[in-house]
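Student: model this:
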Amino acid sequence: MAPREAKGITVISPAGNDSRGFSLLELVLVLLLLALSTTIVLPNIEKGLQDREIRAAALGLAATARDLRSRALMDGIPHQLILNLAQNSYLAGPGREIALPSDVKFAQVRGGEALGNEARKFYFFPNGSSLGGEIILSDSRNAASYSIRLEPLTGKVAVGRSSLS
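Tutor: Okay, here's the model as predicted:
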């Protein structure tokens with residue numbers, strides 16, 4: 001018995017001879033869509049970068065406060081964190097002045113000991129406690145802010161998002 005042959009119709013079209021392309025209207029619509037998506041995305045990227053800068057400054061200040069609390073526990077003597085509101089910086093021990101980034105500022109400072117209108121001092125005691133208070137950092141437009149809370153009895157330092165009120 002001979003093998004059976006398959007019979008069918010084969011359509012062959014030449015490759016590369018299709019002269020259809022994109023019309024000018026289609027290209028303009030794609031460019032408009034790209035422009036629209038760019039105008040939506042770019043401000044969000046800028047806002048995210050600004051938020052990241054404030055968060056990094058808040059975490060750095062909180063780390064300094066935790067370090068001062070630990071040193072007070074180990075050394076057996078009080079340590080102090082001094083905020084220089086006018087210069088937008090803080091002292092984290094003798095000769096260690098840390099400046100906040102140019103777009104970040106002290107929005108509100110509660111608690112601590114007032115040193116005139118220009119500065120605030122927060123103590124960390126050898127028993128683990130502190131004077132307590134809250135430091136709020138924000139950007140220059142007050143669009144985003146972070147809060148550093150210093151618990152008075154436990155000396156715990158907590159960082160979180162904040163709304164200015």
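Student: just the element for Gln50, please.
Tutor: Per DSSP states H and E, Gln50 falls inside helix 24-75.
Student: nearest residue to the middle of this protein?
Tutor: In the chain, the residue lying closest to the centroid (Cα atoms, centre = their mean) is Arg52, at 1.9 Å.
Student: average pLDDT for stretch 58-69?
Tutor: In this model, stretch 58-69 carries a mean pLDDT of 92.
Student: ok, Gly133 touching Gly112?
Tutor: Yes. Look at Gly133 against Gly112 with Cβ atoms under 8 Å: they come within range, at 4.6 Å. C-beta here means a position set from N, CA and C on the backbone, and glycine is covered the same way.
Student: between those two, tell me which one has more neighbours.
Tutor: Taking other Cβ atoms under 10 Å, Gly133 and Gly112 do not tie; Gly112 has more neighbours (22 against 19).
Student: gap between that one and Gly48?
Tutor: According to Cβ to Cβ, to the nearest Å, Gly112 and Gly48 sit 31 Å apart.
Student: likewise for Ser89?
Tutor: Taken as Cβ to Cβ, the span from Ser89 to Gly48 is 25 Å.
Student: between those two, which has more neighbouring residues?
Tutor: Legend: neighbour count by other Cβ under 10 Å for Ser89 and Gly48, higher for Ser89 (15 against 11).
Student: state the pLDDT value of the closest residue in space to the more buried one that isn't next to it in sequence.
Tutor: Leaving out its chain neighbours, the residue that sits closest to Ser89 by Cβ to Cβ, 6 or more residues apart in numbering is Ala99, at 4.3 Å. Predicted confidence (pLDDT) at Ala99: the value is 88.
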